[in-house]
Structure formats: C-alpha cells, structure tokens
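In: how does the following fold in three dimensions:
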Amino acid sequence: MSVFLERYSLLLILLFCMGLMEPQLAAKISLVDTDLDVQIADISSGSMLKQVLWGGLFLFFLAKHCLNTRLILQGPGFQLALLLLLLVCLVFFISALWSSYPALSIKRTIFQLIFVFTVMSATLYCYQHGLIGKNIKYAAYSAFFMLAVTVVLGTAFHPSGDMVGYAKGKNALGMNMLCLVLMLTLFYKSVNEKLRNTSYLIAIALVVLLLSQSKTSMFILLLFALLTLLPSFALRLVMASLFVSFVTLFIIFPSYMHYFGSMDTLLGIVDDETLTGRGFIWNTLYYDLHYFDKFGLGYGYGSYFGLPELPYFFDNRFSFLRFISSTHNGYLDMLLHVGTLLALCVMCVFFKLANYIKDKYFFAALILPVVHNFTESSVVKDDSMVWFFMIFIISYSCIKGDCNAKNRLAG
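Out: I've put the predicted structure just below:
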C-alpha cells in the first residue's frame, strides 16, 4: 500500500480535483443553480470522501517525511517553495483573529495547509519513481471514460448545447481539459517523457475543450501557444507585466481610491455588464469593503461566502446576487480575505515562487493561474484544479532544479 501511494498518489489527487471521484452524471442545470449548489456545499462540513482522502494522504506523507528526512532535506529549492506556501497559510491563520467566523476560517486554512503539503509531497515521490507522466496519462484515460459514460447516459450536454460531461458546468469541464492538454504537452515537449498515445490524448482533450465551448479556457490555451513562441526574456517580461497589472487593477488601485480618492470614481470604471455580469459582482464587493471599512484587514480567510448567513449586500431576494458563492476574481478574493497589505504580501510570495520555474514551457503555463484568476476565484481556492496545477508546476520545477544542481555538484 505504501509503495502504491508513493507511485500513484498524484493520480488520486488529479481524479479528485477533476471531479472524477464524485462525477455529476445527472441532467445538467443552470449556472445560477450551480452557484447555489456550490454555496450549499461550502456551508456543509464537506464530504466523507474528501476528509478521508486528504486526511489520509496528509498523514501518510507526513509519516514518510519523518521516517525519511533525507529526501526533503536534499532539495533546498523544494524546501523554500514549501516554506513560502506554508507562510501563505500562516497569513490565513492570522486572519482568523479578526474573522467573524474564526472556527470556519481556521478549518478552511487547515485544509489549504493539507492541500499544499500533500500535492507537493505527492509530486516529489512520484518524481522519485519517474511516474508523473503516467499519472497524468491515467487521469486522462479516466476522464475520457467518464465522458463516454455521460454520452451513453445522454447527460453529456447541457440543453444549450455545451458539453458538460461529468462536471458541474462547461467551464469546469473546459478547465479540466485545458489542464490535461497543458500537462501532457509539458511532459511531451519539455520534459521529453515519451508516453505512448500522448498526441492522441492531447487531440481528444482539445476536441472536448472545443465541445465545452468554454471561451476562457480556449483563450488561455491560445495565449499559452503564443507565449511559447517568445524568447525567455520577453516571456518573463510579458508574464510579470500581466500579473502586476492584475494586482494593480484589482488590489492596489481600489485600495488607493478607498483611502485617498472617491469610490464613486472606482465604481464607475467597470460597467456592471462586464464579463457576463461580473462587473456588478465586483462593484458590489468593492462597495461592501468600502462601506464596512474592510480594506485594511479584510473579512478573514473564507469568512465571506459559503457562510450560514448571506453577505449584507448580497441578501436581496430580488437579485441574482443571493445565488452568488464566489467573487469570480481571485485578486479581489484575496483582498476580501486579508485586506490590502497582506494581500500584496501573498502576491509577492507568488511572484517569488514563479522565479523558481526555469523551463520556458513550464513558465508559459503560468498563464493559466494568472489569467483564470482574473475571471474566477481559482488560486488558494479549496481544491480548485487551477490551484492544484499552479502548485504542481512550481513543485516539479523546484524538484527538477534541485536534481540538476545535485548532478552538477556530483559531476
């Protein structure tokens, strides 16, 4: 059992994050109903499967590291990346001090700590066995099999014509396929891990992505393809500029307007209809932060949505806002969690972690969390596939860098 978990824990994590352990095989519903379903799930204590899987894997890897300290101590890059991500979790723990729901904030932070530690450890041990590529391939086979099941059952498509498959919505399915395409491409092109049928798996995932009609995922894939054509310096410059622009637009500028400017000016910049109504959600959240003077410290991690009570400005039975369970913007989400200063500290940690990625294609893959976090709350968000992907590529890059440094010293 121990050897199996060392070899295939990454596969188990992939299956869970992609929703394959709890597939949605029933007829699909509307976006608002999906948001409400997510909200109800957040209020609940979580499924037994989730608790057993993550709790079990966490204890397993904790015991492995205690029994074999040599493996983790020989990787300074991996150690520092783990330390920085755990530092982010510490910030969330501290935010429980001013949260109105401290127990819930601590509970959600503990899960993030478990998630980060487990994903990084699984990547480390799978790398040692040389099985990361196979784990990804088996996850792809599992996803395509479940899609075939939904086609047979007649529940693969939403009434609007979008392919949803086993996921809760087209965007979730599109994101799963995008992550599969990127991971398979990275290990085929950059790592040169020659897996059988890789090109066929990528082609199938691309077809499913197109059928899902997830515009965000398709746009990100196009950006990734274009970024890989740039030289390394230009690639890093573009990525850094994009990340800093998002942080400035959604964290620094609104905070400046709160303390030194006019919120009326801020709320007038983004139209309510921007990105299918996201502008209205964002403006409501910024007004909430301004009205209750929460720009300084925020509400505490996980202490705004998914609570027994609806947020004040969302508790309107005549508005679709009462069904919203997310900020639909990860940068704004961080501001909501911990306020301006701590949110900027967390963003600096992410910027630092990105510098550990030396491979051109892996660095270009960061376009996924950077851009997707603009339209959805996907980074440091429960067991989000995008959050897993970000931790995974950072972990792999650090492990690979440590091994290369060790080989150079040995040579």
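In: what about residue 233, distance to residue 351?
Out: In this view, residue 233 and residue 351 are 17 Å apart by Cβ to Cβ, to the nearest Å. Placement of C-beta: from N, CA and C, glycine included.
In: who has more neighbours out of the two?
Out: When residue 233 and residue 351 are compared for neighbours, residue 351 comes out ahead with 14 against 8, by other Cβ atoms under 10 Å.
In: I'd say that one and residue 243 touch.
Out: Yes. Between residue 351 and residue 243 there is a contact under Cβ atoms under 8 Å: 6.7 Å.
In: settle this for me: residue 53 is touching residue 9, isn't it.
Out: No. Counting by Cβ under 8 Å, residue 53 sits too far from residue 9 to count as a contact (9.9 Å).
In: neighbour count for these two, which is higher?
Out: For residue 53 and residue 9, the more surrounded residue by other Cβ under 10 Å is residue 9, and the numbers stand at 23 against 19.
In: looking at it, that one is touching residue 57, isn't it?
Out: Yes. Assessed by Cβ under 8 Å, residue 9 is found in contact with residue 57 at 5.8 Å.
In: name the residues contacting each of those two.
Out: Taking Cβ atoms under 8 Å, 6 or more residues apart in numbering as the contact rule, residue 9 and residue 57 both touch 118, 122.
In: which positions within stretch 286-305 qualify as buried?
Out: Across stretch 286-305, burial judged by 16 or more other Cβ atoms under 10 Å covers 286, 288-290, 294-295, 297-305.
In: residue 101: which of these is nearest?
Out: Distance to residue 101 across these (Cβ to Cβ) is lowest for residue 303, with 4.9 Å.
In: all helices of the stretch 301-411 of the chain, in order?
Out: Counting by DSSP state H, counting those that start in this stretch, the stretch 301-411 of the chain has helices at residues 330-354, 360-364, 367-375, 385-410.
In: need the ones you listed in TSV (columns: distance to residue 183 and mean pLDDT).
Out: What follows is the helices of the stretch 301-411 of the chain, written out as TSV (distance: least, Cβ to Cβ, whole Å; pLDDT from 0 to 100):
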stretch	distance to residue 183	mean pLDDT
helix 330-354	18	95
helix 360-364	10	94
helix 367-375	10	94
helix 385-410	7	89
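In: give me the phi and psi for residue 379.
Out: Dihedral angles of residue 379 (phi, psi; degrees, to the nearest 10) stand at phi -100, psi 140.
In: do you know how far it is from residue 231?
Out: 27 Å.
In: which of these two has more neighbours?
Out: Taking other Cβ under 10 Å, residue 379 and residue 231 do not tie; residue 379 has more neighbours (22 against 9).
In: for residue 167, phi and psi?
Out: Dihedral angles (degrees, to the nearest 10) for residue 167: phi -90, psi 170.
In: residue 358 touches residue 398, doesn't it?
Out: No. In this structure, residue 358 is not within contact of residue 398 by Cβ under 8 Å, at 9.9 Å.
In: got the angle between the one helix or strand residue 141 maps to and helix 385-410?
Out: Assigning secondary structure by DSSP states H and E places residue 141 in helix 132-153. Orientation check (axes from the mean of the first three to the mean of the last three Cα atoms, to 10 degrees): helix 132-153 against helix 385-410 gives 160 degrees.
In: show residues contacting helix 132-153.
Out: So helix 132-153 is contacted by 8, 10-11, 14-15, 18, 20, 23, 25, 123, 126, 156, 164-166, 176-177, 180, 183-184, 187, 191, 193, 195, 197-198, 201, 204-205, 208, 396 (Cβ under 8 Å, 6+ apart).
In: out of those, which sit inside helices?
Out: Members of those lying in helices (criterion: DSSP state H): 8, 10-11, 14-15, 123, 126, 176-177, 180, 183-184, 198, 201, 204-205, 208, 396.
In: if you go by neighbour count, which of those are buried?
Out: Buried by 16+ other Cβ under 10 Å: 8, 10-11, 14-15, 123, 126, 176-177, 180, 183-184, 198, 201, 204-205, 208, 396, out of the ones in helices among the contacts of helix 132-153.
In: so who does the closest residue to residue 349 other than its chain neighbours touch?
Out: Among residues not flanking residue 349 along the chain, residue 84 sits closest, at 5.1 Å (Cβ to Cβ, 6 or more residues apart in numbering). Contact partners of residue 84, counting by Cβ under 8 Å, 6+ apart, are 349, 352-353.
In: now the one helix or strand residue 84 maps to: average pLDDT?
Out: Using DSSP H and E, residue 84 sits within helix 76-95. The pLDDT scores in helix 76-95 average 93.
In: only the buried residues of it, if you could.
Out: So helix 76-95, judged by 16+ other Cβ under 10 Å, has buried residues 77-78, 81-82, 84-85, 88-89, 91-92, 94-95.
In: now that helix against helix 330-354, angle please.
Out: 150 degrees.
In: could you number the chain from 43 rather than 1 from now on?
Out: New numbering, starting at 43: the last item is helix 118-137.
In: pull the distance from helix 118-137 to the chain's centre.
Out: With Cα atoms, centre = their mean, to the nearest Å as the basis, helix 118-137 stands 16 Å off its chain's centre.
In: with only the CA atoms kept, save it in CSV.
Out: Extracted C-alpha coordinates of helix 118-137, given in CSV (Å, rounded to 0.1, in the frame of the first residue of the first chain):
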residue,chain,number,x,y,z
PRO,A,118,16.7,23.4,-0.9
GLY,A,119,14.5,24.8,-3.7
PHE,A,120,11.7,22.4,-2.8
GLN,A,121,12.0,23.3,0.9
LEU,A,122,11.9,27.0,0.3
ALA,A,123,8.8,26.7,-2.0
LEU,A,124,7.0,24.6,0.6
LEU,A,125,8.0,27.1,3.3
LEU,A,126,6.7,30.1,1.3
LEU,A,127,3.3,28.4,0.6
LEU,A,128,3.0,27.4,4.2
LEU,A,129,3.8,31.1,5.0
VAL,A,130,0.7,32.0,2.9
CYS,A,131,-1.3,29.5,5.1
LEU,A,132,0.1,31.3,8.2
VAL,A,133,-1.3,34.6,6.9
PHE,A,134,-4.7,33.0,6.6
PHE,A,135,-4.4,31.6,10.2
ILE,A,136,-3.6,35.1,11.4
SER,A,137,-6.7,36.5,9.6
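In: contact partners for residue 282?
Out: residue 393 are the contacts of residue 282 under Cβ under 8 Å, 6+ apart.
In: what's the spacing between the closest residue to residue 406 other than its chain neighbours and residue 144?
Out: Nearest residue to residue 406 in three dimensions, chain neighbours excluded: residue 269, at 4.2 Å (Cβ to Cβ, 6+ apart). The gap separating residue 269 from residue 144 is 42 Å, by Cβ to Cβ.
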